[in-house]
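[1] Pasted the sequence and its predicted model underneath.
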Amino acid sequence: MKGCPIPNEGNVDRIIRIIVGLVLILISIFASLNPTLRVIFIIIGVIALVTGLTGFCLVYQLLGISTRK
């Protein structure tokens, strides 16, 4: 499909990102954090979760890295 990014994350990388993303989002929801830290946790958590679910990381692409075998 034209325009679709090619996955560049391996399975272990994806699983770690999904877990970290979910943990950060849950911490931001349930922990008593100041608003700034809460937003930072949500942003990082969503980015980790989305990259884990899609298997594509823009930073990896820009650096020419791939953990996919």
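    Perfect, thanks for sending it.

[2] who's in contact with stretch 40-50?
    Residues outside stretch 40-50 that contact it (Cβ atoms under 8 Å, 6 or more residues apart in numbering): 17, 18, 20, 21, 22, 23, 24, 25, 27, 28, 33. For the C-beta atoms, the positions are set from N, CA and C on the backbone; glycine is no exception.

[3] any chance of those in a markdown table, plus pLDDT, distance to residue 4 and neighbour count?
    Supplementary listing: the contacts of stretch 40-50 in a markdown table, determined by pLDDT from 0 to 100; distance: Cβ to Cβ, whole Å; neighbours: other Cβ atoms under 10 Å:
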| residue | pLDDT | distance to residue 4 | neighbour count |
| --- | --- | --- | --- |
| 17 | 98 | 19 | 21 |
| 18 | 98 | 20 | 16 |
| 20 | 98 | 25 | 15 |
| 21 | 98 | 21 | 20 |
| 22 | 98 | 25 | 14 |
| 23 | 98 | 28 | 14 |
| 24 | 98 | 27 | 20 |
| 25 | 98 | 26 | 18 |
| 27 | 97 | 32 | 15 |
| 28 | 96 | 30 | 19 |
| 33 | 93 | 36 | 14 |
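
[4] can you give me the helices for this structure?
    The residue ranges that make up the helices of the chain, judged by DSSP state H, are 11-30, 35-54, 58-63.

[5] Just send the ones you listed back as CSV, with distance to residue 2 too.
    Supplementary listing: those in CSV, determined by distance: least, Cβ to Cβ, whole Å:
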stretch, distance to residue 2
helix 11-30, 24
helix 35-54, 17
helix 58-63, 16
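
[6] Which of the contacts of stretch 40-50 sits closest to residue 56?
    Within the contacts of stretch 40-50, proximity to residue 56 (Cβ to Cβ) peaks at residue 17, which comes in at 10.8 Å.

[7] wouldn't the closest one be in contact with residue 56 here?
    No. Here residue 17 does not reach residue 56: they are 10.8 Å apart, not a contact under Cβ atoms under 8 Å.

[8] Please work out how many residues are found near residue 34.
    Other residues lying near residue 34 total 8 when counted by other Cβ atoms under 10 Å.
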